[in-house]
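[1] Give me a model of this one.
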Amino acid sequence: MTGTIDPEAATYLDKTRIAYDEVAADYADLLRDLHAEATWDRAVLSAFAEVVRGPVVDVGCGPGRITGPLARLGVQVSGVDLSPAMVEVARREFPGLRFSVGSMLELDLADGELGGLVSWYSLVHTPRSLLPAVFAEFCRVVRPGGHVLLAFKAGDRKRTLTSGYGHDIDLDVYEHPAELVIDLLDEAGFAERMRLVRAPEEFEKQAQAYVLGVKRG
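    Got it, this is the predicted structure:
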């Protein structure tokens, strides 16, 4: 995607960047072992690692808590995040992997450069009106036959966080209906390969969704 970011996108990007710069270190400490404890997360990521071929980018990678496990599964993966502070933590936690600062609306990647792309709860702060632009950008950078894996909060609600990870923040959180996400992916150029919507567990308050799409050739 090229050109000037519209005001709605600019506001969402600024709010997200500021909030995660603020909480980066504590976020990494609090969620460090979450993946190891999450049965469904491990199952979905393992399946993705089996089907994907070629380089993968973890978009909205945060401190690398999913990038690292993907690398251990043998995936050729790097990470991109909007927050410079998150990228700094990721580089420290996983010095053997490559992390860079960037936006999911304008990825610094060539057309068809990737064999796969992961967006692991990075859509949770994305307004629904911007999802088509995000998925179009994902489709641009993934080659035909390549895969996109999304994890997100399933539902139809928006709320605003004023505190998180021990800090005062101002951050919108969106739930997205799984059917809508699949329809928008289809419009962008991805065919559905797998969907899983599961009930909330432990500290979760809503259902969680995983969607795997393949770019049509």
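[2] Check which helices and strands whichever strand in the chain runs longest sits against.
    For the chain, the strand reaching the highest residue count under DSSP state E is reported as strand 142-153. With contacts defined as 3 or more Cβ pairs under 8 Å, 6 or more residues apart in numbering; DSSP states H and E, strand 142-153 has these neighbours: helix 39-51, strand 114-120, helix 178-188, strand 208-215. Placement of C-beta: from N, CA and C, glycine included.
[3] repeat that with 6 Å
    When contacts are defined as 3 or more Cβ pairs under 6 Å, 6 or more residues apart in numbering; DSSP states H and E, strand 142-153 sits against strand 114-120, strand 208-215.
[4] So Glu192 sits against Ile182, correct?
    Yes: here Glu192 reaches Ile182: they are 5.2 Å apart, a contact under Cβ atoms under 6 Å.
[5] who does Val101 bridge with?
    Asp81 (DSSP bridges).
[6] rewinding a little: of the helices and strands packed on strand 142-153, which stretch is the most buried?
    Of all the helices and strands packed on strand 142-153, strand 114-120 has the most neighbours on average by mean count of other Cβ atoms under 10 Å, namely a mean of 25.
[7] could you say which helix or strand contains the residue lying closest to Gly62 once chain neighbours are set aside?
    Spatial nearest neighbour of Gly62, excluding adjacent residues (Cβ to Cβ, 6 or more residues apart in numbering): Met86 at 5.0 Å. According to DSSP states H and E, Met86 maps onto helix 84-93.
[8] what mean pLDDT does that helix have?
    For helix 84-93, the mean per-residue pLDDT is 94.
[9] Quickly note the distance from Ser111 to Glu137.
    Slight slip there: residue 111 is Asp, not Ser. 11 Å (Cβ to Cβ, to the nearest Å).
[10] With respect to Asp172, which of the helices and strands packed on strand 142-153 lies nearest?
    Smallest distance to Asp172 across the helices and strands packed on strand 142-153 (Cβ to Cβ): 16.9 Å, for strand 114-120.
[11] Which other helices and strands does the closest one contact?
    Packed next to strand 114-120, using 3+ Cβ pairs under 6 Å, 6+ apart, are strand 56-59, strand 142-153.
[12] Now render these as a markdown table, adding mean pLDDT and mean neighbour count.
    Output for the helices and strands packed on strand 114-120, formatted as a markdown table (pLDDT from 0 to 100; neighbours: other Cβ atoms under 10 Å):
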| stretch | mean pLDDT | mean neighbour count |
| --- | --- | --- |
| strand 56-59 | 98 | 28 |
| strand 142-153 | 98 | 22 |
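[13] buried set for stretch 190-197?
    190, 195-196 (16 or more other Cβ atoms under 10 Å).
[14] now do stretch 152-160
    152-155.
[15] hang on, the residue nearest to Gly62 packs against Ala24?
    Yes: in terms of Cβ under 6 Å, Met86 counts as a neighbour of Ala24; the distance is 4.8 Å.
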